[in-house]
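Undergrad: test case, fold it:
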Amino acid sequence: MTASAKVVRQCEGCRDIKRKRARALAVGDVQEAAALTAAMGVHLRVAHEYP
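TA: Numbers count the residues shown, from 1 in each chain. Sure thing, here's the model as predicted:
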């Protein structure tokens with residue numbers, strides 16, 4: 001399988017945070033979008049064991 005053919009599915013937590021961040025940006029809520037960016041960082045470290 002080549003890298004371009006690889007299918008990576010996001011976990012539910014990642015999808016939820018990304019969806020909420022996109023909605024916040026769509027309505028111009030930059031503070032909420034920034035908070036969700038930080039939440040994604042925590043989620044990645046905790047749920048996916050990123051350093």
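
Undergrad: packing partners of the longest helix along the chain?
TA: Assignment by DSSP state H gives helix 30-47 as the longest helix of the chain. Packing contacts for helix 30-47, counted by 3 or more CB pairs under 8 Å, 6 or more residues apart in numbering; DSSP states H and E, involve helix 12-26. Every C-beta, even on glycine, is put in place using the N, C-alpha and C of the backbone.

Undergrad: list the buried residues for the helix it packs on?
TA: 17, 20-21, 24 (16 or more other CB atoms under 10 Å).

Undergrad: so can I have TSV of those showing pLDDT and distance to Y50?
TA: Output for the buried residues of helix 12-26, formatted as TSV (pLDDT from 0 to 100; distance: CB to CB, whole Å):
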residue	pLDDT	distance to Y50
I17	97	14
K20	98	20
R21	98	18
A24	98	23
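
Undergrad: which one of the residues you listed is nearest V42?
TA: I17 (9.6 Å; CB to CB).

Undergrad: in this structure that closest one contacts A39, no?
TA: Yes. Between I17 and A39 there is a contact at 5.7 Å, judged by CB atoms under 8 Å.

Undergrad: returning to that earlier point: how about the buried residues of helix 12-26 in JSON lines, adding distance to E49?
TA: What follows is the buried residues of helix 12-26, written out as JSON lines (distance: CB to CB, whole Å):
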{"residue": "I17", "distance to E49": "17"}
{"residue": "K20", "distance to E49": "23"}
{"residue": "R21", "distance to E49": "22"}
{"residue": "A24", "distance to E49": "27"}
